[in-house]
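>>> The following block contains a protein sequence and its predicted model.
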Amino acid sequence: MDIHSTPQELDSLLADLRSEDAGRRQAAAETIAEQKLGSADIVQALKAITRADHFLVRMAAERALAAIADQEPFEVVNLPTPLTASAASTSSPPAKPAQKQSGAEKTAEFAMGFIGQLVIWGLGMAVLSAINGNIGMVLFGLLNLALLVWALLARRPWIALGMVACYAVAFLAVVIIGTLLLVACSGGLRNL
């Protein structure tokens, strides 16, 4: 405990740390960090906040714990969690660890994106031939863009990569075919 802090100050800060108001919890944690105040109860409350609270409040609590870490060690008693049920229910849930995909899953998603793009192009050509070309082209472009955005937002990068690879292969095919047609129509490379 800091020599300048009184038990009333510590009790007030502890009450603020246990408050339902996130702003009061954050302000109390910042005061503790600035003045390097602490007690076993405050350390326990700060640790509870770092496990289940809003991001900015968690960061302030972590800074407070780091600031008082160089003070004398406190005897931390296993007390009930200082956060009330309503404060804990408003906090963000802990993040789930990302699951790594196997090589087969990545390959399957890539193939699904690539083949799916070919199917979309086939359907696009059918639509373009059935209705006005301009409307069909717009619908085709919007469908392609929507599916690419969906793949990225759904955190399916391998599907998106498969779609982009299909675009790259199509572009390369157009360049090669265009070059061959240019050469064939101009009578050979000498006439270019």
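Nice, I can see it. Numbers count the residues shown, from 1 in each chain.
>>> In this protein, mark out all the helices, start to finish.
7-17, 22-35, 40-51, 55-68, 85-89, 103-130, 133-153, 157-186 (DSSP state H).
>>> Could you identify which of these has the lowest mean pLDDT?
When mean pLDDT is averaged over each of the helices of the chain, helix 85-89 scores lowest at a mean of 43.
>>> domain ranges for this structure?
Using automatic domain parsing, the domain parsing of the chain gives 7-89, 103-186.
>>> Kindly reformat the helices of the chain as TSV containing mean neighbour count.
For the C-beta atoms, the positions are set from N, CA and C on the backbone; glycine is no exception. Below are the helices of the chain laid out as TSV (neighbours: other Cβ atoms under 10 Å):
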stretch	mean neighbour count
helix 7-17	16
helix 22-35	20
helix 40-51	20
helix 55-68	19
helix 85-89	12
helix 103-130	14
helix 133-153	13
helix 157-186	13
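>>> Now do the phi/psi pair for residue 154.
phi -80, psi 10 (degrees, to the nearest 10).
>>> Kindly provide the distance from it to residue 123.
Computed with Cβ to Cβ, to the nearest Å, the distance linking residue 154 and residue 123 is 21 Å.
>>> Check the gap between the residue nearest the centre of the chain and residue 104 for me.
Nearest to the mean C-alpha position of the chain, counting by Cα atoms, centre = their mean, stands residue 155 at 9.2 Å. For residue 155, the distance to residue 104 (Cβ to Cβ) stands at 18 Å.
>>> give me every residue that touches residue 145.
Residues near residue 145 by Cβ atoms under 8 Å, 6 or more residues apart in numbering: none.
>>> next one: residue 106
By Cβ under 8 Å, 6+ apart, the contact set of residue 106 is residue 158.
>>> can you tell me how far it sits from residue 113?
Distance of residue 106 to residue 113, computed by Cβ to Cβ: 11 Å.
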